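S.K.: let's see this in three dimensions:
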Amino acid sequence: MSLLELMRRADERALSAAALACLDRCLPLLAGPEAEPLRPLWASCEEGRDWANRLAAVRTAMEHASVTDGPAALVRAMLGAAPSDFAAVPLREWADACSLVALRIHGRFDAPDGDAPPDDEDLLKAARGGEPAAVGPLVAGELERQVRILEILAETAGTAGSGAGLRKALDLSTEGRRILRAVMSRRARGRG
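M.R.: The predicted model follows:
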């Protein structure tokens, strides 16, 4: 099933966690290696309990993060666009936007010069729709993580293991964050 189809079928729990996971994986652009500012929001994904208050607290905590370039500004914008309402429609819009931003950011790191390819939007649209697309390895890995997270959350929705599904989503996200951090480190060493 394509990423877009999985998003269309997802409930509030899956949508909030999917969007949050995209944001979490892109955190190396804003936060230090040990920073985990999004943890409080992960705790709200199950039922939306205290979502708006925790979101406000995370935004406040992230205000100090320096925004040095376009990708970091995109991550900051993703956090700013998070809906205070824990409802399917606004969460679906946010999850869709977060998915695209995360894929664009990974695409910039796939490119040797850090610029997105001219046909980037068409490639991402095709890939998210389940069509074959010639995307780079970082984008392909990010797309696979996004799909897998939504699949895990769909499989565990409404079950006694729903918390375990969120934990698996967080683990996949943490793995993706490590990958992006390593790519950023290699790129910085190459420039230095």
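
S.K.: how close does residue 8 get to residue 90?
M.R.: Residue 8 sits 15 Å away from residue 90, going by CB to CB, to the nearest Å. Placement of C-beta: from N, CA and C, glycine included.

S.K.: show me which of those two is the more surrounded one.
M.R.: Neighbour count, other CB atoms under 10 Å: between residue 8 and residue 90, residue 90 has more, with 16 against 11.

S.K.: tell me where the protein has helices.
M.R.: 3-9, 12-25, 39-44, 51-62, 70-80, 88-110, 120-128, 137-156, 162-191 (DSSP state H).

S.K.: how about the ones you listed, which one is nearest residue 31?
M.R.: Across the helices of the chain, residue 31 has its closest neighbour in helix 51-62 (7.4 Å, CB to CB).

S.K.: list the buried ones in that closest one?
M.R.: Within helix 51-62, the residues scored as buried using 16 or more other CB atoms under 10 Å are 51, 54-55, 58, 62.

S.K.: surely residue 88 and residue 12 touch.
M.R.: Yes - Residue 88 is within contact range of residue 12, at 5.4 Å (criterion: CB atoms under 8 Å).

S.K.: what's the pLDDT at the residue most central in space within the chain?
M.R.: Closest residue to the average C-alpha location of the chain: residue 22 at 0.4 Å, with CA atoms, centre = their mean. Residue 22 carries a pLDDT score of 95 in this model.

S.K.: again, but for residue 9
M.R.: pLDDT, read off for residue 9, is 96.

S.K.: ok, now which ones touch the residue lying closest to it once chain neighbours are set aside?
M.R.: Closest residue in space to residue 9, ignoring its immediate chain neighbours: residue 154 at 6.9 Å, by CB to CB, 6 or more residues apart in numbering. Shown in contact with residue 154 (CB atoms under 8 Å, 6 or more residues apart in numbering): 6, 9-10, 14.

S.K.: just the pLDDT for residue 154.
M.R.: Note on residue 154: pLDDT of 93.

S.K.: isn't residue 111 right up against residue 137?
M.R.: No - using CB under 8 Å, residue 111 makes no contact with residue 137, being 11.6 Å away.

S.K.: residue 127 and residue 139 touch, don't they?
M.R.: Yes - using CB under 8 Å, residue 127 is in contact with residue 139, at 7.2 Å.

S.K.: which residues are in contact with both of the two?
M.R.: Residues touching both residue 127 and residue 139 (CB under 8 Å, 6+ apart) are residue 103.

S.K.: can you pick out the residue with more neighbours from the two?
M.R.: For residue 127 versus residue 139, neighbours defined as other CB under 10 Å are more numerous around residue 139 (24 against 21).
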